[in-house]
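>>> whatever this is, show me its structure:
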Amino acid sequence: MTFKVGDKVKFLNDVGGGVVTKVRDKVAFVQNSDGFEIPSPFADLIIVIEAGFGDMRQAAVVPIKQSISTKSEANVAKKDINFIPDEVVEDEAFGYNDDEIITSENCTLNILLGLVPVQLKGRNEPDFKLFIISDCTYRMMYSLSVVKDNFVYGKKAGMVEDDSKLHILTLTTTELKQLQALKLSCIFYKKGIFLPHEPVIYEYKIDVLKMVEPSNWLVNDYFDEKAIVINITEESLLYEIERVVSENEDKYIIQKIRKDTAPSTKKLQSSAKSTTKSDIEEVDLHIEELVDNHSSMSAGEIIDLQLARFTIALDGAIRGNVKKIVFIHGVGNGKLKYEIGKTLDTKYKHLKYQDASFKEYGFGATMVMVKY
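This is a model prediction of the structure:
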């Protein structure tokens with residue numbers, strides 16, 4: 001029997017096993033769970049899981065046109081992801097086909113997120129099965145995280161085959177109520193010649209009230225059941241367009257504010273106090289000043305929007321002639337002030353900042369010295 005780097009093996013004459021990290025003259029170096037490399041002759045080992053392209057999969061995939069209800073979860077085979085440190089394992093899946101022709105049909109991404117509600121007896125609120133769907137000719141490596149209390153927690157990682165869907169997680173309504181968002185990162189590829197695509201990072205904001213409302217579960221092409229289906233490739237593109245438009249709008253607003261509030265030469269000559277005031281720009285970060293209606297926004301969404309406004313305003317001040325900028329964040333629970341301080345300490349280390357004038361703002365504002 002021969003062994004390859006990445007094979008998961010067990011020792012015949014001893015307890016335990018590990019992953020083959022290198023092979024030399026019929027001796028395999030096996031890294032155990034403690035991180036030690038143990039040289040072992042081939043005769044003393046047995047393969048548990050053979051290394052190869054398929055071992056990257058964490059669960060069996062289902063063709064996208066096949067009903068999920070007919071696929072027994074008991075038959076879903078889970079496999080470990082093997083790390084291959086030294087050598088490249090050749091696999092026919094990475095063969096080259098020079099006859100491949102790139103067309104609009106086979107080079108277009110169509111990746112979706114599916115949330116299938118499951119009504120259980122004796123419970124008023126459903127569970128939700130989470131699926132990733134590759135409705136295209138691209139394979140996809142993914143990582144799924146959840147956002148809770150503004151922190152990101154990794155949950156699952158693996159691979160989705162082309163033209164297939166993969167059940168990766170089931171969440172109860174109670175669990176969903178504790179989360180702010182699901183964050184999905186995707187990398188795309190295929191064998192042969194293909195058009196490369198940039199990785200996609202998509203964040204699905206969780207709104208439990210909308211999710212549990214049956215009228216939001218729609219008939220779709222991917223499941224026999226009604227479900228919530230989101231096209232993340234389309235959503236990511238729209239988000240990028242909106243982000244660019246929003247940034248340009250904010251730049252215009254900042255420029256207009258500066259123009260409208262710029263003191264005249266006459267005022268500058270007549271009053272030193274007026275000159276000092278003109279050097280300071282104020283930005284109110286209270287959510288009611290940023291959006292007309294925030295009743296449907298989660299706490300995480302509000303903080304994200306406030307921090308985005310903070311960053312845009314500060315970047316504009318740095319590029320402009322503003323010497324000091326005061327961010328009015330209020331007192332509240334201190335979360336926004338903390339996040340502003342953390343951002344300044346990490347991304348704007350060259351700037352000094354302090355609490356703004358207590359007489360004017362109380363404890364609810366931070367002043368940043370842009371030019372000093």
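>>> show me the helices in this structure, by range?
173-177, 208-211, 232-261, 265-270, 272-278, 287-290, 299-319, 335-347, 358-361 (DSSP state H).
>>> mind telling me which of those the model trusts least?
Mean pLDDT per stretch puts helix 272-278 lowest among the helices of the chain, at a mean of 40.
>>> distance of the closest residue in space to residue 306 that isn't next to it in sequence relative to residue 291?
Once flanking residues are discounted, residue 306 sits nearest to residue 285: 4.8 Å by Cβ to Cβ, 6 or more residues apart in numbering. The way it works is simple: take the backbone N, C-alpha and C, and place the C-beta from them, glycine included. Counting by Cβ to Cβ, to the nearest Å, the gap from residue 285 to residue 291 is 12 Å.
>>> which one's more surrounded, these two?
residue 285 (22 against 12; other Cβ atoms under 10 Å).
>>> quick check: the more buried one touching residue 339?
No: Residue 285 lies out of contact with residue 339 (Cβ atoms under 8 Å); the separation is 10.4 Å.
>>> what's the domain layout of this structure?
Here the domain parsing of the chain from automatic domain parsing is 1-51, 105-236, 257-369.
>>> for the closest residue to residue 172 other than its chain neighbours, which residues make a bridge with it?
Of all residues not flanking residue 172 in the chain, residue 127 sits nearest, at 5.1 Å (Cβ to Cβ, 6+ apart). Beta-bridge pairing of residue 127 under DSSP bridges involves residue 118, residue 172.
>>> check the one 4 residues further on too.
For residue 131, the beta-bridge partners are residue 114, residue 167 (DSSP bridges).
>>> residue 170 is in contact with that one, correct?
No: between residue 131 and residue 170 there is no contact under Cβ under 8 Å: 10.3 Å.
>>> who has more neighbours out of the two?
residue 131 (23 against 13).
>>> can you find the helix or strand in this protein with the smallest mean pLDDT?
When each helix and strand of the chain is scored by mean pLDDT, DSSP states H and E, helix 272-278 comes last, with a mean of 40.
>>> contacts only, for the nearest residue to residue 23 once chain neighbours are set aside.
Spatial nearest neighbour of residue 23, excluding adjacent residues (Cβ to Cβ, 6+ apart): residue 3 at 5.9 Å. Residue 3 makes contacts with 9, 20, 23, 28, 42, 45, 47, as judged by Cβ atoms under 8 Å, 6 or more residues apart in numbering.
>>> how about 6 Å then?
20, 23, 28 (Cβ atoms under 6 Å, 6 or more residues apart in numbering).
>>> and for residue 344?
Contacts of residue 344 (Cβ under 6 Å, 6+ apart): residue 353.
>>> now do 8 Å
Per Cβ under 8 Å, 6+ apart, neighbours of residue 344: 351, 353, 368.
>>> in strands, which of those residues appear?
Here DSSP state E is the test, and the contacts of residue 344 give 353, 368 as lying in strands.
>>> let's have the contacts of residue 344 in a markdown table, adding pLDDT, distance to residue 231 and neighbour count.
Output for the contacts of residue 344, formatted as a markdown table (pLDDT from 0 to 100; distance: Cβ to Cβ, whole Å; neighbours: other Cβ atoms under 10 Å):
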| residue | pLDDT | distance to residue 231 | neighbour count |
| --- | --- | --- | --- |
| 351 | 91 | 40 | 17 |
| 353 | 91 | 42 | 19 |
| 368 | 93 | 40 | 24 |
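>>> what is the neighbour count of the residue nearest to residue 172?
17.
>>> show the model's pLDDT score for it.
93.
>>> isn't it up against residue 169?
No: if you go by Cβ under 8 Å, residue 127 and residue 169 don't touch, sitting 10.5 Å apart.
>>> who's residue 159 bridged to?
residue 141.
>>> how confident is the prediction for it, by pLDDT?
For residue 159, pLDDT reads 91.
>>> ok, back up a step: nearest to residue 143 among the contacts of residue 3?
Distance to residue 143, by Cβ to Cβ, is smallest for residue 20 among the contacts of residue 3, at 25.1 Å.
>>> so how far is residue 141 from residue 319?
38 Å.
>>> between these two, point out the one with more neighbours.
residue 141 (15 against 11).
>>> my guess is the more buried one contacts residue 161. True?
No: using Cβ under 8 Å, residue 141 is not in contact with residue 161, being 11.0 Å away.
>>> okay, and the common contacts of these two?
With contacts defined as Cβ under 8 Å, 6+ apart, no residue is adjacent to both residue 141 and residue 161.
>>> ok, residue 370 - contacts?
Here residue 370 is in contact with 314, 317, 318, 322, 323, 324, 325, 351 (Cβ under 8 Å, 6+ apart).
>>> can you turn the buried part of those into a PyMOL selection?
To isolate the buried members of these in PyMOL, using 16 or more other Cβ atoms under 10 Å:
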select buried, resi 314+317+322+324+325+351
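>>> can I get the contacts of residue 370 in CSV with distance to residue 145?
What follows is the contacts of residue 370, written out as CSV (distance: Cβ to Cβ, whole Å):
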residue, distance to residue 145
314, 27
317, 33
318, 31
322, 37
323, 40
324, 38
325, 33
351, 31
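>>> and which of the contacts of residue 370 is nearest residue 36?
residue 351 (47.7 Å).
>>> surely that closest one meets residue 367?
No: Residue 351 is not in contact with residue 367 according to Cβ under 8 Å; the separation is 10.6 Å.
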